[in-house]
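Enquirer: Got a sequence here, can you model it:
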Amino acid sequence: MGRRRDTPDFTRSNKFPALEYRPKTQERELTRKLIESQSASEREALGQELLDNICRSLKIPRARLSVINERQPHKLYEGKLAYKLYGVYHCRKETIQIANLTSIRKQVVAGKTFLDTLIHELMHHIDRKFLRIPTTPHSPGFYARIEDLKTKLMRTRGGDRASPQETAWQRPKDLTAALESAISSAQAGNAPQNPGNPVSEARPETRKPKWTPPGESEVPTHAKPEESSAAKPLKKPPRFQEEENDSAKHPPKDASGEKEPQLSFDF
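Expert: Just a heads-up that it's a prediction; the model follows:
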């Protein structure tokens, strides 16, 4: 997905901090049940019904949900967790996939975390189908829309009063700024320390999808907890985007001149 702030998609994404959407009592009740659910099958059924209702209200194609009863794909470095994947949205098949078990302990993912992941991946779908933002970047507006939608779904019938789940959940302050600062620090730390040679811009390495849409492959492979990469240099974990073979050499462009976006978005 695009990360540059000077693109038309990023600018457009930032213009919409909220959605013109008002959930009904049924959708709030589904949200409550989803937070309290445990099994992958129950979460898939409740989550799919919630997605169908939201997509129907926004008059966009439905997004399909697949809850995988496996632990979250992850990477280890020196025996410690370095990266984990909560979920992914496949643009081509308009499918959301979410892991139901945590990466290391293989415990059921907490209800609020599951809801966060579901709404995050749904927002990529809404960006593309409702707001017409092909690359659906992680702009401040993108995260604001997630918070807006989650807050609306977790309100009680009174409208202004927060539900117990919402009261218990507090968004970290300056989350976006903290994430950007951490990314900048990590990039600076990985830069070559040789002032005698000019630093060339690193090209993105070829990445393979960790999850692919249902029907195209079997369940994803996962790194084993006992694996240790102490003897190998640390590599930046892949973001598991789906490769487009037909347009690898000549990516198509849309009417705005933007390149066709990647075909999956992870979280």
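Enquirer: Quick check: phi and psi on Phe130?
Expert: Main-chain torsions, Phe130, degrees, to the nearest 10: phi -100, psi -50.
Enquirer: That one contacts Pro61, correct?
Expert: No - look at Phe130 against Pro61 with C-beta atoms under 8 Å: they stay out of range, at 10.0 Å. (C-beta placed from N, C-alpha, C; glycine too.)
Enquirer: So between the two, which is more surrounded?
Expert: Phe130 (18 against 12; other C-beta atoms under 10 Å).
Enquirer: Please tell me how far that one sits from Phe267.
Expert: With distances taken as C-beta to C-beta, to the nearest Å, Phe130 is found 19 Å from Phe267.
Enquirer: One more: Gly87?
Expert: Taking C-beta to C-beta as the measure, Gly87 falls 5 Å from Phe267.
Enquirer: Now do the shared contacts for the two.
Expert: Counting by C-beta atoms under 8 Å, 6 or more residues apart in numbering, the contacts common to Gly87 and Phe267 are Thr117, His120, Glu121.
Enquirer: contacting residues around the closest residue to Thr136 other than its chain neighbours?
Expert: Once flanking residues are discounted, Thr136 sits nearest to Asp127: 3.7 Å by C-beta to C-beta, 6 or more residues apart in numbering. Contacts for Asp127 (C-beta under 8 Å, 6+ apart) come out as Ser13, Ile133, Thr136, Phe142.
Enquirer: Would you verify that Asp127 is located in a helix?
Expert: Yes - judged by DSSP: H, G, I helix; E, B strand; the rest coil, Asp127 forms part of a helix.
Enquirer: separation between it and Ala40?
Expert: To Ala40, Asp127 is 26 Å away according to C-beta to C-beta.
Enquirer: try Glu70
Expert: 9 Å.
Enquirer: what about the two, which has more around it?
Expert: Set side by side, Glu70 and Ala40 show more neighbours around Ala40, with 19 against 16, by other C-beta under 10 Å.
Enquirer: coming back round to it: can you work out which residues contact both of Phe130 and Pro61?
Expert: Counting by C-beta under 8 Å, 6+ apart, nothing touches both Phe130 and Pro61.
Enquirer: Looking at Gly87 and Phe267, which is more packed in?
Expert: Each of Gly87 and Phe267 has its neighbours counted (other C-beta under 10 Å); Gly87 has more, 25 against 19.
Enquirer: Strands along the stretch 51-200 of the chain, start to end?
Expert: Along the stretch 51-200 of the chain, the stretches classed as strands by DSSP state E, counting those that start in this stretch are 64-71, 74-77, 80-84, 87-90, 95-101.
Enquirer: Neighbours of the spatially closest residue to Met123 that is not a sequence neighbour, how many?
Expert: Counting by C-beta to C-beta, 6+ apart, Met123 lies nearest to Ile146, which is 5.3 Å off, once chain neighbours are set aside. Residues within reach of Ile146, counting by other C-beta under 10 Å, total 19.
Enquirer: now Ile146: how far from Arg32?
Expert: Per C-beta to C-beta, Ile146 is found 18 Å from Arg32.
Enquirer: Same question for Tyr77.
Expert: 38 Å.
Enquirer: ok, and the most crowded of the contacts of Asp127?
Expert: Of all the contacts of Asp127, the highest neighbour tally under other C-beta under 10 Å goes to Ile133, namely 26 neighbours.
Enquirer: ok, now which ones touch it?
Expert: Asp9, Arg12, Ser13, Asp127.
Enquirer: What of Gln72?
Expert: Per C-beta under 8 Å, 6+ apart, neighbours of Gln72: Lys84, Leu85, Tyr86, Ala99, Leu101, Thr102, Ser103, Val109.
Enquirer: just Lys152 next, same as before
Expert: Contacts of Lys152 (C-beta under 8 Å, 6+ apart): Tyr21, Arg22, Pro23.
Enquirer: Then Ser103?
Expert: Counting by C-beta under 8 Å, 6+ apart, Ser103 touches Arg71, Gln72, Pro73, His74, Leu81, Lys84.
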